[in-house]
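> sequence and computational prediction follow.
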Amino acid sequence: MPGSAVYFGGNLLGIVKEVPPAKFEIIDNSSGVLRILKNGYTDYIVSLSLIGSEATIVAEQVPLSKLLLNSELDELYLEYEYKGKKESVNIQGVKEIELPYIIDQIILKSEGYHEKIVKLDLKPFGKEEINVDLLGLDEIILDSLPQGADVYVEDMKVGTTPP
């Protein structure tokens with residue numbers, strides 16, 4: 001993708017200037033990590049063992065979206081699946097993260113709370129805000145018909161459902 005920086009073994013090979021295919025020369029046959037990076041897109045990272053004179057790499061870089069998380073929790077983990085691999089991000093102290101826009105669901109977790117699945121409809125380069133309101137393990141939410149029903153636990157009234 002034009003504007004992407006291409007690194008091999010930690011060394012910058014160059015910046016992609018034209019529409020792919022872009023060509024870069026690696027001086028010696030070796031092994032290393034190929035990184036293709038562009039701001040606003042997912043990083044493409046792969047380990048390579050180069051044998052011979054030419055290799056063709058098809059790299060996919062997906063546009064990112066920003067996710068703003070409003071939370072009062074001291075510790076929060078965000079999990080999602082991308083390209084068949086589960087990813088986990090510690091949100092502690094971080095209120096904004098970038099995710100590939102194709103992520104359609106995340107799981108929010110914190111110790112002492114029920115995990116929460118959140119469906120997403122992210123747009124490329126967009127921004128979405130989520131208010132994190134996890135339910136404690138010692139809490140439940142009841143809806144009832146009729147409304148205003150008394151709630152008992154072991155023959156003891158503990159509350160009334162909302163009217």
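Thanks, I have the structure now.

> now residue 42. Nearest residue, chain neighbours left out?
Leaving out its chain neighbours, the residue that sits closest to residue 42 by Cβ to Cβ, 6 or more residues apart in numbering is residue 62, at 4.6 Å. All C-beta atoms are positioned from the backbone trio N, CA, C, and that covers glycine.

> can you count the residues close to the one you found?
Neighbour count for residue 62, taken as other Cβ atoms under 10 Å: 16.

> over to residue 76?
For residue 76, the neighbour count with other Cβ under 10 Å is 22.

> that one and residue 60: what is the separation?
Noted for residue 76: a distance of 29 Å to residue 60, by Cβ to Cβ, to the nearest Å.

> give me the below-cutoff pLDDT ranges for the chain.
The chain contains residues with pLDDT under 70 at 20, 27-29, 52-54, 93.

> could you pull out the strands for it?
Secondary structure of the chain (DSSP state E): strands at 5-8, 11-15, 31-37, 44-49, 64-70, 77-82, 85-90, 96-100, 105-109, 116-119, 127-131, 150-153, 156-160.

> tabulate these (TSV), appending distance to residue 25 and mean neighbour count.
Shown next, in TSV, are these (distance: least, Cβ to Cβ, whole Å; neighbours: other Cβ atoms under 10 Å):
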stretch	distance to residue 25	mean neighbour count
strand 5-8	10	18
strand 11-15	8	13
strand 31-37	13	17
strand 44-49	14	12
strand 64-70	30	18
strand 77-82	31	16
strand 85-90	31	11
strand 96-100	30	16
strand 105-109	41	18
strand 116-119	46	11
strand 127-131	39	13
strand 150-153	72	10
strand 156-160	72	10
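
> walk me through the domains of the chain.
The chain breaks down into these domains under automatic domain parsing: 5-49, 63-163.

> now the ones you listed in JSON lines, with distance to residue 56?
Output for the domains of the chain, formatted as JSON lines (distance: least, Cβ to Cβ, whole Å):
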{"stretch": "domain 5-49", "distance to residue 56": "8"}
{"stretch": "domain 63-163", "distance to residue 56": "20"}
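
> which residues touch residue 4?
15, 16, 36, 37, 38, 41, 59, 61 (Cβ atoms under 8 Å, 6 or more residues apart in numbering).
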